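Quick check, what structure comes out for this input:
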Amino acid sequence: MNAKFTRRSLLKAIVAATVSPVLISSVNAATIPHIVVVGAGFSGATVAKYLKLWAGSSVQVTIIEPNSTYVSPILSNLVLNHQKTTTDLSFSYVNYSQKYSINMVHDKVSHIDKTAKTISLENGQSIPYDKLILAPGIEFEAVSGHDFTKVPHAWQAGEQTNLLKSQIDAMSDGDSFVMSIPASPYRCPPGPYERACVVADYLKNSKGFNNCTVTVLDENAGIIVEADTFGAAFNEYGINYIPDAVVSSVDSDNKVVNFSIDGGAIQSLAATTLNIIPNQKAGNIVFSAGLNSGNWAPVNPLNYESTMAADIHIIGDSQGTGMPKAGHIGNSEAKICADAVLRSLNGLQPDPAPKTNSACYSPVSSSTATWLTIVYEYNSSTQSMQPVSVPNLSGGYPAASSGASTRNYNNMFNWAGNLFSDTFS
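Residues are numbered from 1 along each chain as shown. Take a look at the predicted model:
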């Protein structure tokens, strides 16, 4: 690729990373196919919306989602420094029923019968499906002694975000903030590094504290994304960064984390505010249905169909393609999945050369943010999604990026707004 890789050329690549949908007015079936979507975050909400946008009344779509509103993890670190509220980041599902004629069921799935092609809900209801799309997000691996009500993870936005905010607000000059970063892969690769910067900036520049300490325990061997940018910010803020730090247990009452560095002896560190983000895995329904291999769900990236069960597709954070787990790329995966499902209902093969895009802006202060994006394309030889090679490598991904700037900070809200609108409006 030409080394003169500009933002304009990147945007052309992102435009190419879209779907050419098969628009259908009828389907080859005696009855209208029923597509059930489990989970309505960025992936589940998008796939349901685009199934109806592209197929209309030719398909029935039902969303199973326990919550009546969705609180976006994207921009949620700005709640910690009072630039956003969780209300600002909350989206209702009214449009799905009123605008797109999607059947919204607010409950949890208790069982999937892959043979009978039915799902059972906790309320006792049984729902048949022709195609099932799972978008359950993440679950956490248990850490001994970790009580989320005392030591928040704040990695699923909402009450947890507000709890962490209240604990940071209660800090005084000289207090300590300690957070952990889980082993990759986890939801939103730059997110924990972003959080450390936002908190350090808030304590120093908004609250005027000069004696607070911020410590980051990273289970990874080093900063996994935008290493130069985040490394420079950590140095500027005086953040104590400890790689290869594996959390073994937590004393939630006394705000003490126990950890080892590179397999060494157990150490303990006390904090005024302790933020432990546990290691992550696919949503529980993936495991109970036997659709996992290790912590994630193996899928065919051409259509996101499970490699372990026909007519079940898995998108978003739970999928195991190797692509990042984040809202923007989940939205991209959802459109490819919707297109492939509609093609399948018409007896057609999926698009043989899909592309996806992962992009994000990460605030590092109250007025600056970084920018990072990666385009993935399907490689027929490896049968996997692989990054398009670009120069300007940064951190662990071949990506185009831009360091911290006020321009990126301003553009961040346009990017997020467009994503919110595409998903929830």
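
only C-alpha atoms for contact and neighbour calcs from this point on.
Will do.

What segments of the stretch 51-200 of the chain are helices?
77-80, 94-98, 159-169, 191-201 (DSSP state H, counting those that start in this stretch).

what's the closest of those helices to Leu53?
helix 94-98 (10.8 Å; C-alpha to C-alpha).

Now the closest one: buried residues?
For helix 94-98, the buried set under the neighbour-count rule, 16 or more other C-alpha atoms under 10 Å, comprises Tyr96.

and what of stretch 362-373?
Buried residues in stretch 362-373 (16+ other C-alpha under 10 Å): Ser362, Pro363, Val364, Ser365, Ser366, Thr368, Ala369, Thr370, Trp371, Leu372, Thr373.

Is the last one within a helix or a strand, and which one?
Assigning secondary structure by DSSP states H and E places Thr373 in strand 369-379.

which helices and strands sit right next to that strand?
Helices and strands touching strand 369-379, by 3 or more C-alpha pairs under 8 Å, 6 or more residues apart in numbering; DSSP states H and E, are strand 355-363, strand 384-387, strand 400-405, helix 406-424.

so who does the residue lying closest to Ala116 once chain neighbours are set aside touch?
In this structure, Ala116 finds its nearest non-sequential neighbour in Pro128, 8.0 Å apart by C-alpha to C-alpha, 6 or more residues apart in numbering. Counting by C-alpha atoms under 8 Å, 6 or more residues apart in numbering, Pro128 touches His34, Ala116, Lys117, Thr118, Ile119.

Tell me which of the helices and strands packed on strand 369-379 sits nearest to Ser344.
strand 355-363 (18.7 Å).

Who are the packing partners of that closest one?
By 3+ C-alpha pairs under 8 Å, 6+ apart, strand 355-363 packs against helix 7-16, helix 191-201, helix 327-345, strand 369-379, helix 406-424.

how about that strand as CSV, C-alpha atoms only?
Extracted in CSV, the C-alpha atoms of strand 355-363 (Å, rounded to 0.1, in the frame of the first residue of the first chain):
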residue,chain,number,x,y,z
LYS,A,355,-15.0,-5.8,5.0
THR,A,356,-15.5,-4.4,8.5
ASN,A,357,-14.2,-1.3,10.1
SER,A,358,-13.1,-0.7,13.7
ALA,A,359,-12.8,3.0,14.7
CYS,A,360,-12.7,4.9,17.9
TYR,A,361,-11.8,8.1,19.6
SER,A,362,-10.3,8.0,23.1
PRO,A,363,-10.3,11.0,25.4
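
Listing partners with orientation, what would you give for that strand?
strand 369-379 (antiparallel) (DSSP bridges).

Count the neighbours of the closest residue to Val109 other than its chain neighbours for me.
In this structure, Val109 finds its nearest non-sequential neighbour in Leu121, 4.4 Å apart by C-alpha to C-alpha, 6+ apart. Neighbouring residues of Leu121 were enumerated by other C-alpha atoms under 10 Å; the total is 18.

Contacts only, for Leu121.
Per C-alpha under 8 Å, 6+ apart, neighbours of Leu121: Asp107, Lys108, Val109, Ser110, His111, Ile127.

show me where the stretch 201-350 of the chain has strands.
213-218, 240-242, 245-251, 256-261, 267-270, 273-275, 280-282, 299-300, 305-306, 312-314 (DSSP state E, counting those that start in this stretch).

Buried residues in the fifth one, which are they?
Translated: strand 267-270. Ala270.

repeat for the longest one
Of the residues in strand 245-251, those buried under the neighbour-count criterion (16+ other C-alpha under 10 Å) are Ala245, Val246, Val247, Ser249, Val250, Asp251.
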